[in-house]
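**Q** take this sequence and fold it.
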Amino acid sequence: MKNLLGTGVALITPFKPDLSIDIEALKRVVNYCIEGNLDYLVVLGTTGESVTLTSREKKLVMDVVVEENAGRLPLVIGIGGNNTQLLEEELLRTDLNDFDAVLSVSPYYNKPTQEGIYRHFKTLAQTSDIPFILYNVPGRTGSNVEPETVLRLANDCSNIIGIKEAAGDMTQVKKLIDKMPSDFLVISGDDFTALPTVLAGGVGVISVLGQALPNEFSRMIKLGLQGKEDEAYALHNSMIECMKLIFQEGNPAGIKSVLEVHGICNAAVRLPLVEASPELKGQISQFVKTFLKIKA
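**A** Numbering: from 1, shown residues only. Model (predicted):
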């Protein structure tokens, strides 16, 4: 799966002020990412507020992204949750022909045991006709997918090809890199640890900030993959303030505010999320304007 190396981004779903899907803004986001030299796009991940979308809206988002992308970048589709049977049904009824892989978050709220996590992912992987990427984000799900469970899944399920690791724990990241088969993809799911993960032997990142600062973020990851640590960290350090800002009041409220400054979409989100506060929007606007001035 060499087409999933480097910088992928978890696309937002832009909304109009009435909270209907803003199709034209979604097209602008896709093109902005492609023109920014990103390597692949993730559709309907958690950053895309997928849990607030109806089945019809999910299909609309998929269709718009597929059409606008027009085969230019590989696409990954997010299909995950905490009801294994319903996810099986969703996998079976979803047309996956335009996608290179499924990204599936570990079951949230239920807090299953490692055996439950193993059986959940094994069931879904056996249902999927395309490669499968695990997504571990214990800060949101309430449970951690242990490296031993990931190794078991990698060995038992031929189409489980990687993990988006967002525990924010570099010790765990290094265990994954050391334990996994050589062709297994360890992908950072955390902007803060993206560069350290790559420098430790990971293959890249699925980023949030990357869709707002695509050229800089993708260049940082490319430099990291080339072992050019000093140059890569210079870029990392130039963006770290924005990494902090976009998660200060929740995701994707922050990243939508950055894209609003760029004029790509507005910052509307659906409840239970709310837009970033005026104070945070002001900080984000100031960062972007200063950042762009420095880079000019």
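**Q** give me every residue that touches N215.
**A** With contact set as CB atoms under 8 Å, 6 or more residues apart in numbering, N215 has these partners: 36-37. In this view, the C-beta of every residue, glycine as well, is placed from N, C-alpha and C.
**Q** helix/strand/coil for it?
**A** helix (DSSP: H, G, I helix; E, B strand; the rest coil).
**Q** that one and T7, how far apart?
**A** As judged by CB to CB, to the nearest Å, N215 and T7 stand 10 Å apart.
**Q** correct me if wrong: L223 contacts E216.
**A** No: applying CB atoms under 8 Å as the test, L223 and E216 come out as separate, 10.6 Å apart.
**Q** name the residues contacting each of these two.
**A** Residues touching both L223 and E216 (CB under 8 Å, 6+ apart) are L235.
**Q** all strands of the stretch 1-150 of the chain, in order?
**A** Read by DSSP state E, counting those that start in this stretch, the stretch 1-150 of the chain holds these strands, from start to end of the chain: 6-10, 40-43, 75-78, 101-105, 132-136.
**Q** tell me the strands beside the last one, with direction?
**A** Yep, that's strand 132-136 we're talking about. Using DSSP bridges, the strands paired with strand 132-136 in its sheet are strand 101-105 (parallel), strand 160-165 (parallel).
**Q** ok, residues contacting that strand?
**A** Contacts made with strand 132-136 from outside it, assessed by CB under 8 Å, 6+ apart, are listed as 4, 76, 80, 101-106, 121, 124-125, 144-145, 150, 153, 157, 159-167, 185, 187, 189.
**Q** buried subset of those?
**A** 4, 76, 80, 101-106, 121, 124-125, 144-145, 150, 153, 157, 160-167, 185, 187, 189 (16 or more other CB atoms under 10 Å).
**Q** follow-up on the earlier one: just put the strands of the stretch 1-150 of the chain in JSON lines and tack on mean pLDDT and distance to T54.
**A** What follows is the strands of the stretch 1-150 of the chain, written out as JSON lines (pLDDT from 0 to 100; distance: least, CB to CB, whole Å):
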{"stretch": "strand 6-10", "mean pLDDT": "98", "distance to T54": "20"}
{"stretch": "strand 40-43", "mean pLDDT": "98", "distance to T54": "16"}
{"stretch": "strand 75-78", "mean pLDDT": "98", "distance to T54": "15"}
{"stretch": "strand 101-105", "mean pLDDT": "98", "distance to T54": "19"}
{"stretch": "strand 132-136", "mean pLDDT": "98", "distance to T54": "22"}
